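J.: Predicted model and sequence below, questions to follow.
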Amino acid sequence: MSIELREVHKTFGDKQILKGFSLEIVQGETLSIIGHSGAGKSVTLKHIIGLVQPDEGEVWVDGHLVADLSRDDLYELRRRVGYVFQFAALFDSMTIAENVAMGLRRMKTLSEREIADRVRECLELVDLDGVEDRYPSELSGGMVKRAGLARAIATRPTYLLYDEPTTGLDPVTVTVIDRLIIRMREELGVTGVVVTHDMQSAYRISDRIAMLYDGRLRAVGAVDEIRHTSDPLIRAFIEGRPELMENAS
């Protein structure tokens, strides 16, 4: 089981975002995708669940070509691939329990009692016991992020896609979120793909790190390989040293 992008190209208007991006995510790992703003990291996640289709190239999930999936099969794919949005994307008019239960109700295979039990279980996994009846506006930013994670795991997905999961959070809360990402891998066996700019977070949570640059894969490797790379462009990014860009090509 794996996710594979093969020579993916994508253009929006007159801006070419992906220019032959290839990457494989293997079962059981957490892989972080790093790169400058606008490099196409979030666009990559959207390709995986079929929200965006490539202009050229292919996206495969568990041996299935995403572009060829029927509407029902695409829905089934999205049930197996949980998506943690950058700002959680919870509905303000719904309680936390109602937000977490959304995907479960679409499945139409669980009773209301089973849904309530699953919601409680997922909230406990992200350390949000007892908030079922509260609304997103009543929670802190970190708690909202965790509620978004609970919603993503409610359907018991094989994969979790995280879009900037630590953006806007204080250092302590970032560590809490990082530990939850690790927990998802260790306790649920979930394969994770994390889009992030936070290198300290990437070092903590990742089995491998991939850098997307100029629409292509610049490098992919274990944490220590990326941390100690000799590539000046990657070093410029991970160390915040733009002067190194002068030696990059």
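T.: Perfect, I can see it now.

J.: from here on, contacts and neighbour counts on C-alpha atoms
T.: Noted.

J.: For the biggest helix by length in the chain, which outside residues touch it?
T.: Identified as the longest helix of the chain according to DSSP state H is helix 171-188. Identification of contacts with helix 171-188 by C-alpha atoms under 8 Å, 6 or more residues apart in numbering yields 28-30, 126, 142, 146, 165-166, 190-192, 201, 204-205.

J.: swap in stretch 139-146?
T.: Contact partners of stretch 139-146, identified using C-alpha under 8 Å, 6+ apart, comprise 87, 88, 90, 126, 128, 136, 165, 169, 173, 177.

J.: Neighbours of the last one, how many?
T.: So that's residue 177. When neighbours are counted by other C-alpha atoms under 10 Å, residue 177 registers 23.

J.: What does the pLDDT read for it?
T.: Note on residue 177: pLDDT of 90.

J.: likewise the first one?
T.: At residue 87, the model reports a pLDDT of 66.

J.: Return the distance of the closest residue to residue 235 other than its chain neighbours relative to residue 221.
T.: Distances taken as C-alpha to C-alpha, 6 or more residues apart in numbering put residue 229 closest to residue 235, at 6.9 Å, once the chain neighbours are dropped. Residue 229 is 10 Å from residue 221, where distance means C-alpha to C-alpha, to the nearest Å.

J.: And residue 119, by the same measure?
T.: 36 Å.

J.: quick one: the strands in this protein?
T.: In the chain, the segments counted as strands under DSSP state E are 2-12, 15-26, 30-34, 56-61, 64-65, 81-84, 159-163, 191-195, 208-213, 216-222.

J.: can you list the contacts of stretch 139-146 in CSV and add distance to residue 10?
T.: Shown next, in CSV, are these (distance: C-alpha to C-alpha, whole Å):
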residue, distance to residue 10
87, 24
88, 25
90, 28
126, 35
128, 39
136, 35
165, 24
169, 31
173, 34
177, 31
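
J.: Would you check which pair of the residues you listed lies furthest apart?
T.: Within the contacts of stretch 139-146, 90 and 173 form the most distant pair, 18.7 Å apart (C-alpha to C-alpha).

J.: Tell me which of the two has more neighbours.
T.: residue 90 (21 against 16).

J.: so what's that one up against?
T.: 99, 136, 144, 148.

J.: Also residue 8?
T.: Remark: with contacts taken as C-alpha under 8 Å, 6+ apart, residue 8 is in contact with 18, 19, 20, 21, 22, 54, 55, 56, 57, 58, 59.

J.: can you rerun that using 7 Å?
T.: With contact set as C-alpha atoms under 7 Å, 6 or more residues apart in numbering, residue 8 has these partners: 18, 19, 20, 21, 22, 54, 56, 57, 58.

J.: so which of those comes closest to residue 40?
T.: Set against residue 40, the nearest of those by C-alpha to C-alpha is residue 18 (6.5 Å).

J.: Can you get me a residue count around the closest one?
T.: 27.

J.: Then residue 170?
T.: 11.

J.: And residue 113, by the same measure?
T.: Count around residue 113 with other C-alpha under 10 Å applied: 9.

J.: Contact partners for residue 6?
T.: 21, 22, 23, 57, 58, 59.

J.: can you do 6 Å?
T.: 22, 57, 58 (C-alpha atoms under 6 Å, 6 or more residues apart in numbering).

J.: Dump those residues to TSV, plus pLDDT and distance to residue 14.
T.: Formatted as TSV, these follow (pLDDT from 0 to 100; distance: C-alpha to C-alpha, whole Å):
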residue	pLDDT	distance to residue 14
22	97	22
57	97	19
58	97	21
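
J.: Restricted to buried residues, select these in ChimeraX.
T.: Command for ChimeraX, covering only those of the contacts of residue 6 found buried under the criterion 16 or more other C-alpha atoms under 10 Å:
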select :22,57,58
